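Student: Coordinates for the following, if possible.
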Amino acid sequence: MIIETARRTKQTSEYYFSVKLAEVRKLVAEGNDVINLGIGNPDMMPSEKTLSTLSQAALKPQAHGYQPYIGTQAFRNAIADFYYRIYGVTLNPNTEILPLIGSKEGITHISLTFLDPGDEVLVPELGYPAYRAVSQMVGAVVKEYPLLENFGWQPDWEAMEALVTPKTKIIWLNYPHMPTGAPATRELFEQAVAFAAKHKVLLCHDNPYSLILNKKEPISLLSVDGAKEVAIELNSMSKSHNMAGWRLGWLAGAKPYIDAVLTIKSNVDSGMFWALQEAAVAALNNPTEWHDARNAVYQGRLEAAEAFLATIGCTWNKDQEGMFLWGKLPESVESAEKLVNELLVEKHVFIAPGFIFGPKGQRYIRLSLCMPKERIWEAVERIRG
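Tutor: Next up, the predicted model:
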């Protein structure tokens, strides 16, 4: 006898990468050399200071007990200092910051906190799949808002006006944008805050890519006047500090929002390993030169990834930021799904099809820069061969 599962398991499906990576592992187990350009899994190391701090902290007796649900004071202070230094945003470390076990988990905490069944959520028609999946899991109604391809993948604010109803509770926003790489701008954030204030909805901004291949000063949504009244921001150390497996992130915003999310979070986890938080403090104080060196590596990989797209006949926007490259397929390619499957089986190269980020991505592919440039060039040669 099999016990029936909850309805929410039928409202979503297994994460695309979970399924596809099983195929990749099977090919590798059969002795094939698969070049994985599909996953945004940073392959470079955290800073030496970060690693040495973790090692030393783990040897201390106080490291191994339960930690505060709100994170350590040192970690929250470091986040506040980081926000002021990088974004010019002042945060109260005691009331406006909530450390998280990764920002993906934060999406769930936020959704559980603010959404009742039947509430409506606006998500970008191209975006991180978790925005949709988690909204559906908690019983909310997902509405996709359009992005204007010819205007740098900016939200179509006029179209969004027609989507808002009295049931709309949350808008998800993510710039620098994944998967398109569209940069964040102050004008965009000002429009977003004004829209949220007008319609009395919570604006949730996901901001993990602002330090990677950014072409200007990084910006936080919370730097916009009035943002704290209607917005909260997720940030993460996964991409910017090469700490994806460490599961370190945070939520920033006004005290009422932080307190509300803490109500849910405190019933879900029991705090974060103290040594990880100590190491995070060290990482948040990495000098600018450390980030510059990582970006120089990514720049070299970007050039190889552009050659990959050119070999397939794709077009792409040169203004992209972040650790991915988004390319539009030529008319000669039948579909992204077919191309991805053919490259994996015949060339042992894995790339991400754009449709996993939303229906608008049917004619697009995404390449990850989380692979040495030599391997990306090898993938190029396999395609050419």
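Student: Please name the nearest non-neighbouring residue to Gly226.
Tutor: Closest residue in space to Gly226, ignoring its immediate chain neighbours: Val193 at 5.5 Å, by Cβ to Cβ, 6 or more residues apart in numbering. Quick note: C-beta positions are derived from backbone N, CA and C, even for glycine.
Student: What score does the one you found have for pLDDT?
Tutor: On the pLDDT scale, Val193 is placed at 98.
Student: domain ranges for this structure?
Tutor: The chain resolves into domains spanning 8-45+289-384, 65-284 when parsed by automatic domain parsing.
Student: can you give me the helices in this protein?
Tutor: With DSSP state H as the definition, the chain shows helices at residue ranges 8-11, 16-29, 48-58, 73-87, 103-114, 129-137, 157-163, 186-199, 227-230, 255-265, 274-284, 288-312, 336-342, 373-384.
Student: So which of the ones you listed is the most surrounded?
Tutor: The densest packing among those, expressed as mean neighbour count by mean count of other Cβ atoms under 10 Å, is seen in helix 274-284 with a mean of 23.
Student: Who are the packing partners of it?
Tutor: Helices and strands touching helix 274-284, by 3 or more Cβ pairs under 8 Å, 6 or more residues apart in numbering; DSSP states H and E, are helix 48-58, helix 73-87.
Student: Quick one: end-to-end distance for stretch 364-374.
Tutor: Distances were taken as Cα to Cα, to the nearest Å; on that basis the terminal residues of stretch 364-374 are 24 Å apart.
Student: now do stretch 85-100
Tutor: Length of stretch 85-100, first residue to last, Cα to Cα: 21 Å.
Student: follow-up on the earlier one: of all the domains of the chain, which one is nearest Gln56?
Tutor: Judged by Cβ to Cβ, the one of the domains of the chain that comes nearest to Gln56 is domain 65-284, at 8.2 Å.
Student: Just give me how far that closest one sits from the chain centre.
Tutor: When C-alpha coordinates are averaged (Cα atoms, centre = their mean, to the nearest Å), domain 65-284 and its chain have centres 9 Å apart.
Student: residues contacting the residue nearest to Gly226?
Tutor: Under the criterion of Cβ atoms under 8 Å, 6 or more residues apart in numbering, the contact list for Val193 reads Leu203, Leu221, Val224, Asp225, Gly226, Ala227, Val230, Ala231.
Student: ok so, going back, for Ala57, find the nearest of the domains of the chain.
Tutor: For Ala57, the closest of the domains of the chain is domain 65-284, at 3.7 Å, according to Cβ to Cβ.
Student: the bottom helix or strand of this protein by mean pLDDT?
Tutor: helix 8-11 (a mean of 72; mean pLDDT, DSSP states H and E).
Student: Check which helices and strands it sits against.
Tutor: Contact here means 3+ Cβ pairs under 8 Å, 6+ apart; on that basis helix 8-11 packs against helix 129-137.
Student: tell me the angle of the helix it packs on relative to helix 103-114?
Tutor: Here helix 129-137 runs at 30 degrees with respect to helix 103-114, directions being taken by axes from the mean of the first three to the mean of the last three Cα atoms, to 10 degrees.
Student: what angle sits between helix 129-137 and helix 16-29?
Tutor: 120 degrees.
Student: can I assume Met45 is in contact with Leu51?
Tutor: Yes: distance between Met45 and Leu51: 7.2 Å, which falls inside the contact criterion (Cβ atoms under 8 Å).
Student: ok so, going back, a markdown table please, covering the helices and strands packed on helix 274-284 and showing mean pLDDT and distance to Ser266.
Tutor: Supplementary listing: these in a markdown table, determined by pLDDT from 0 to 100; distance: least, Cβ to Cβ, whole Å:
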| stretch | mean pLDDT | distance to Ser266 |
| --- | --- | --- |
| helix 48-58 | 98 | 24 |
| helix 73-87 | 98 | 16 |
